[in-house]
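**Q** take a look and give me a structure for this.
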Amino acid sequence: MKRFIDIGANLTDPMFSGIYNGSVKHQKDLENVLERCWKVGMSKIIITGGSLSDSRKAIEISQMDNRLFATVGCHPTRCCEFDELDQSNYFQHMKELIETNRNKVVALGEFGLDYDRVQFCPKEIQQKYFKLQLTLTEEFDLPLFVHCRNAANDLLEILKDFKCSGVVHSFDGTIEEAKNFIDLGYSIGINGCSLKTLDNLNTVADLPIDKILLESDCPYCEIRPTHAGYQFISKENILPSVKKEKWNPGCLVKSRNEPCNILHVLDVLASVKKIDSFKLCEQIFENTNKLFFKSYLVNAIVQISRPTIPFYSHSKDCYMYNGRRQEDIAISEFVSGYILLEGEQKYFQ
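**A** So this is what the prediction gives:
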């Protein structure tokens, strides 16, 4: 079975509580949603935090399962909240949220710049509080989950002042913009919104596979029949769906994207890049673990005679393995429940 990590799922959205535009259409079904994605090979999901309150909820949901993680940040269209809720307190609460949930918070964000929706927050405010949030990297050694809409040049200029790694998620820009972000040390996040047009497909076809990450960005960014990429989705990966008014726990809800649909994104990528889907999926799986999960280090001496690693946590501490520091050992993969170190499989208790 293919193995996936969804780097961006908006599981805090009211749609997963059955609420659409303020109206209740069906019962909460997040557990059904998660069960569907585990069945198709999902290994981990990173729940996106788009504001202080949203980040709190993302962490709360992540407590449901050890395969769920979260980000903490403020989306560019919501940066006016810093002023509305008192800048210093808002920022301090963000720091405390990260500090007290190190075992669940794997990235800073979602933050960045969005010049397509300045009606929600002016450019100057977006830039001011994006820069402020980037100072969190001085205290927390976490990758960035970056938002960019029609703002690549300004975003690049700001990021150049911070020596960080991360991902530019939901990428829909040009190949030149993608290469600039990659040269700066960033990966490129691909979802349905990255695959709408022929230009989009030409762009992703040229991306280096060691810099690609997958995301659903659910409940948004599904690949629709009108999108250029839709023709490449395998029919076997299109699961049954019903209208929200006819909700069924065993079916998807029409027009509500879910993590399990990450299969569609892989189908399109593999087709346009003309790469075997299993090979591509494994490469992306490795890319994602290297960026978001290699800092989950074991704070203990590994006893080679034992079949288990007793503990892991998000920490800068290193552990020893056969007399070598962990940071000198290549981690070939780190998935829910086990880690592979130099070919040896060690299971967590």
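
**Q** run through this structure and note the low-pLDDT ranges.
**A** 295-349 (pLDDT under 70).

**Q** outline the domain layout of it.
**A** Domain ranges of the chain: 4-292, 297-348, per automatic domain parsing.

**Q** start to end distance for the first one?
**A** Using C-alpha to C-alpha, to the nearest Å, the gap from the first to the last residue of domain 4-292 comes to 13 Å.

**Q** which secondary structure state does V167 sit in?
**A** Classification of V167 using DSSP: H, G, I helix; E, B strand; the rest coil returns strand.

**Q** for the stretch 51-200 of the chain, just list every one of the strands.
**A** Assigned by DSSP state E, counting those that start in this stretch, the strands in the stretch 51-200 of the chain fall at 68-72, 105-114, 144-149, 166-168, 186-190.

**Q** what pairs with the third one, and is each one parallel or antiparallel?
**A** Meaning strand 144-149. Sheet pairing of strand 144-149 (DSSP bridges) gives strand 105-114 (parallel), strand 166-168 (parallel).

**Q** now the angle from the first one to strand 68-72?
**A** Put plainly, it is strand 105-114. 40 degrees (axes from the mean of the first three to the mean of the last three C-alpha atoms, to 10 degrees).

**Q** just how off-centre is strand 105-114 within its chain?
**A** Per C-alpha atoms, centre = their mean, to the nearest Å, the displacement of strand 105-114 from the mean C-alpha position of its chain is 10 Å.

**Q** kindly report the same for the last one.
**A** When distances are taken as C-alpha atoms, centre = their mean, strand 166-168 is centred 9 Å away from the chain's centroid.

**Q** show residues contacting it.
**A** In this structure, residues lying in contact with strand 166-168 by C-beta atoms under 8 Å, 6 or more residues apart in numbering are 7, 107-109, 112, 143-146, 148, 155, 178, 181, 185-189, 213, 291. (C-beta placed from N, C-alpha, C; glycine too.)

**Q** and the helices in the stretch 51-200 of the chain, which stretches?
**A** For the stretch 51-200 of the chain, the helices defined by DSSP state H, counting those that start in this stretch cover 52-62, 81-84, 87-99, 123-134, 152-159, 175-183, 198-205.

**Q** quick one, which of those helices is packed in tightest?
**A** Using mean count of other C-beta atoms under 10 Å, the stretch among the helices of the stretch 51-200 of the chain with the greatest mean number of neighbours is helix 52-62 (a mean of 21).

**Q** show me what that one is packed against.
**A** Applying 3 or more C-beta pairs under 8 Å, 6 or more residues apart in numbering; DSSP states H and E, one finds that helix 52-62 makes contact with strand 42-47, strand 68-72, helix 87-99.

**Q** just to revisit the earlier point, which among the helices of the stretch 51-200 of the chain is found nearest to E258?
**A** Closest approach to E258 among the helices of the stretch 51-200 of the chain (C-beta to C-beta): helix 52-62, 14.5 Å.

**Q** list only those of the contacts of strand 166-168 flagged as buried.
**A** 7, 107-109, 112, 143-146, 148, 155, 178, 181, 186-189, 213, 291 (16 or more other C-beta atoms under 10 Å).
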